[in-house]
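Chemist: from the sequence below, what's the structure:
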Amino acid sequence: MPVLADMPETFTSSSAFSCGVHPRELYAWRDAGETVELSRGVFRRADAPLAEHPDLLAVSYRAPRAIVCCVSAAAVHGLTDEQPVGVQVAVANGRHPPRIDYPPTRVFRFDPKTFELGLMSIEAAPAEQIRAYDPARTVTDLMRLRHRLGESIAHTALNRYMTRSDGRPALLLEYARELGVLGPMRRALDVVSAR
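Modeler: Next comes the predicted model:
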């Protein structure tokens with residue numbers, strides 16, 4: 001019979017069941033405080049190191065094809081002090097969007113042709129990677145969604161990105177061209193560089 005120590009630090013109920021864990025045992029671990037239920041069907045062992053981004057980790061287990069985006073990605077990359085009300089993730093148009101009540105999740109639909117542009121992995125917990133957009137793609141998405149998410153968030157992210165040692169204006173312009181926001185990005189970059 002499987003024991004909790006045999007399970008990975010974060011796991012789903014279906015992966016536990018496939019290892020031979022009975023549902024009664026799984027929920028007994030949770031009720032005894034030996035695991036924490038991060039989201040419906042996503043568990044983390046209580047003896048595991050703290051996850052730096054537990055909500056992002058939970059959502060990535062629930063929606064493995066989704067990509068952390070917009071303000072959630074900006075917060076991870078240190079491009080904003082804003083904390084979104086819910087985890088913001090992107091799915092490709094034509095894909096079934098995840099329905100996640102907890103943690104609260106907001107889904108954006110992105111063009112499949114550019115969906116993986118700027119994709120990277122970030123560590124949400126020790127040795128546990130999740131999918132997220134890189135800083136340049138994040139800034140570009142905030143710029144193109146500035147009317148929905150706020151001009152100030154987009155401009156703050158751009159300013160912070162440009163002060164980073166790895167800030168690359170050419171990459172911003174490349175992404176902006178691909179994502180159809182080249183004009184606004186050029187104007188915003190002109191303002192930043194004039195300071």
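
Chemist: only C-alpha atoms from now on, for both contacts and neighbour counts.
Modeler: Noted.

Chemist: return the residues in contact with the residue nearest the centre of the chain.
Modeler: Using C-alpha atoms, centre = their mean, the residue of the chain that lies closest to the mean C-alpha position is Val68, 2.3 Å off. Val68 sits next to 56, 87-90, 131-133 when contact means C-alpha atoms under 8 Å, 6 or more residues apart in numbering.

Chemist: repeat that for Glu174.
Modeler: Applying C-alpha under 8 Å, 6+ apart, one finds that Glu174 lies in contact with no residue.

Chemist: related to what we said a few turns ago, CSV for the contacts of Val68, including secondary structure and neighbour count?
Modeler: Below are those laid out as CSV (DSSP: H, G, I helix; E, B strand; the rest coil; neighbours: other C-alpha atoms under 10 Å):
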residue, secondary structure, neighbour count
Leu56, helix, 28
Val87, strand, 23
Gln88, strand, 21
Val89, strand, 29
Ala90, strand, 23
Arg131, strand, 23
Ala132, strand, 29
Tyr133, strand, 27
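
Chemist: which residues does the helix or strand hosting Arg30 contact?
Modeler: Arg30 belongs to helix 23-31 when assigned by DSSP states H and E. Helix 23-31 is contacted by residues 4, 13, 16-17, 35-37 when judged by C-alpha under 8 Å, 6+ apart.

Chemist: tell me which two in these are the farthest apart.
Modeler: Greatest spacing in the contacts of helix 23-31, by C-alpha to C-alpha: Phe17 and Val36 (16.8 Å).

Chemist: of these two, who's got more company?
Modeler: Relative neighbour count places Val36 above the other of Phe17 and Val36, with 17 against 14, counting by other C-alpha atoms under 10 Å.

Chemist: thinking that one is in contact with Ala48, fair?
Modeler: No. Using C-alpha atoms under 8 Å, Val36 makes no contact with Ala48, being 10.2 Å away.

Chemist: kindly write the PyMOL command that selects the buried subset of the contacts of helix 23-31.
Modeler: Selecting the buried subset of these in PyMOL, with 16 or more other C-alpha atoms under 10 Å as the burial test, is done by:
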select buried, resi 13+16+35+36+37
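
Chemist: from the contacts of helix 23-31, which ones fall inside helices?
Modeler: Judged by DSSP state H, the contacts of helix 23-31 include 13, 16-17 as members of helices.

Chemist: and stretch 121-141, how far out from the chain's middle?
Modeler: Taking C-alpha atoms, centre = their mean, to the nearest Å, the mean C-alpha location of stretch 121-141 is offset from the chain mean by 6 Å.

Chemist: ok, now stretch 89-96?
Modeler: Chain-centre distance of stretch 89-96: 14 Å, with C-alpha atoms, centre = their mean.

Chemist: so where do the strands sit in the chain?
Modeler: When secondary structure is read from DSSP state E, the chain shows strands at 10-12, 35-39, 42-45, 67-68, 87-92, 105-110, 119-125, 128-133.
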